[in-house]
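Asks: Generate coordinates for the sequence data below:
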Amino acid sequence: MKTSIRAALFAAAGACALALAPLASAQPAWPDKPVRLLVPYAPGGTTDYAARQIAQKLTEQTGKSFYVENKAGASGTIGSDLVAKSAPDGGTFLINDTTYAMLPHLFKKLPWDHASGLVPVTTIVDAPLVLVVGAGSPYKTAQELVEAARKSPDKLTFGSGGVGSSTHLGGELFKQHGKLALTHVPYKGAGEAMLGVVSGQVDVLVTAAPTAIPQVKGGKVRALLVTSPKRLDALADVPTSAEAGMKGLAATNWFGIAAPKGTPQPIIDKLQAEVKKALASPDLVKRFAEQGAAPGGMATADFQQYVKRQTQDWGAVIKAAGVQPE
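Replies: Alright, predicted model coming up:
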């Protein structure tokens, strides 16, 4: 009697396993189709560069196509909203950057829930900011610049890619740490702001290392400090903020990946692992180092907390700068 019951149970278990097998096979391994990495800015910037580098590696690793699409406008909010409202099936992800943490303080209302509409997955790279002046500038050190600014308040100018841009807030951060009065000169984009400092139209620009390094190497601008804890290999002669007498001036431009709310955790985990693997490849490490950037791959939970802290920190900078949300 006991034997027949045991046999019946084994038979029932086997039948259940067979019944569930088609359901398991119906769940395809991710990625099972081309994956779109949406950049909410125009082609050619640092965010776009980071996206294309990681897309190429992910394509090689997975055998599936990862492609970049640009959807610029409204400080990245148009593209971010598009991804937030995309199907959470692993087919679309957002490539965002530090500006994402600033958005809730720059706009009275965003078209998606900034706190939960997008899920931070991992970082791609991060790069410090670089304080640059024109090659013909009389200021050879950050301290000389600070002393001149204090001697003649509001006389010196700093350029930016527009009100509320990362270059604007990087400049405001420099002002606040140095307790300086500098006049803000907004341009239509970061490229124009760089031309402004190269030509001498403005005195200083605070921008991400990947943007500054080519101009420094080309002799167009002079770098006075970097906001990293240690010197960059790509700018070995440029002092850190602490070395330049501005201890506490620390900031970074980070670039990461976010998924629409509701994306299955196994897909998020797989993407984080694939990105981390890609960023360990020697050629990518070398390429980013030449840009003054360090590979990311941060754990998802850590990145989510990091974005929250960045949102708070940049909110304080924006409030102190008196920037009014639109």
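
Asks: For residue 195, which residues are in contact?
Replies: Shown in contact with residue 195 (Cβ atoms under 8 Å, 6 or more residues apart in numbering): residue 201. Yep, even glycine has a C-beta here, placed from its N, CA and C like the rest.

Asks: How is it assigned, secondary-structure-wise?
Replies: Counting by DSSP: H, G, I helix; E, B strand; the rest coil, the backbone at residue 195 sits in helix.

Asks: Pull up the gap between it and residue 288, please.
Replies: 25 Å (Cβ to Cβ, to the nearest Å).

Asks: Repeat that for residue 93.
Replies: With Cβ to Cβ as the criterion, residue 93 and residue 288 are 20 Å apart.

Asks: neighbour-wise, which of those two wins?
Replies: Between residue 93 and residue 288, counted using other Cβ atoms under 10 Å, the more crowded position is residue 93 (26 against 23).

Asks: Buried ones in the helix or strand where that one lies, by neighbour count?
Replies: Using DSSP states H and E, residue 93 sits in strand 92-97. Buried positions in strand 92-97, judged by neighbour count with 16 or more other Cβ atoms under 10 Å: 92, 93, 94, 95, 96, 97.

Asks: contacting residues around residue 153?
Replies: 180, 181.

Asks: again, 7 Å this time
Replies: residue 181 (Cβ atoms under 7 Å, 6 or more residues apart in numbering).

Asks: and what of residue 70?
Replies: Contacts of residue 70 by Cβ under 7 Å, 6+ apart are 39, 41, 42, 43, 48.

Asks: Check what pLDDT the second one gets.
Replies: Residue 41 is assigned a pLDDT of 90 by the prediction.

Asks: Look up phi and psi at it.
Replies: Phi and psi for residue 41, reported as degrees, to the nearest 10, are phi -140, psi 170.

Asks: Could you list the buried residues of the strand or helix carrying residue 317?
Replies: For residue 317, the element it lies in under DSSP H and E is helix 300-321. Within helix 300-321, the residues scored as buried using 16+ other Cβ under 10 Å are 300, 303, 306, 307, 310, 311, 314, 317, 318, 321.

Asks: what's the answer for stretch 189-206, then?
Replies: 189-190, 193-198, 202-206.

Asks: how about JSON lines for the residues you listed, with pLDDT added?
Replies: Compiled in JSON lines, those are given as follows (pLDDT from 0 to 100):
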{"residue": "189", "pLDDT": "83"}
{"residue": "190", "pLDDT": "83"}
{"residue": "193", "pLDDT": "93"}
{"residue": "194", "pLDDT": "95"}
{"residue": "195", "pLDDT": "95"}
{"residue": "196", "pLDDT": "97"}
{"residue": "197", "pLDDT": "97"}
{"residue": "198", "pLDDT": "97"}
{"residue": "202", "pLDDT": "98"}
{"residue": "203", "pLDDT": "98"}
{"residue": "204", "pLDDT": "98"}
{"residue": "205", "pLDDT": "97"}
{"residue": "206", "pLDDT": "97"}
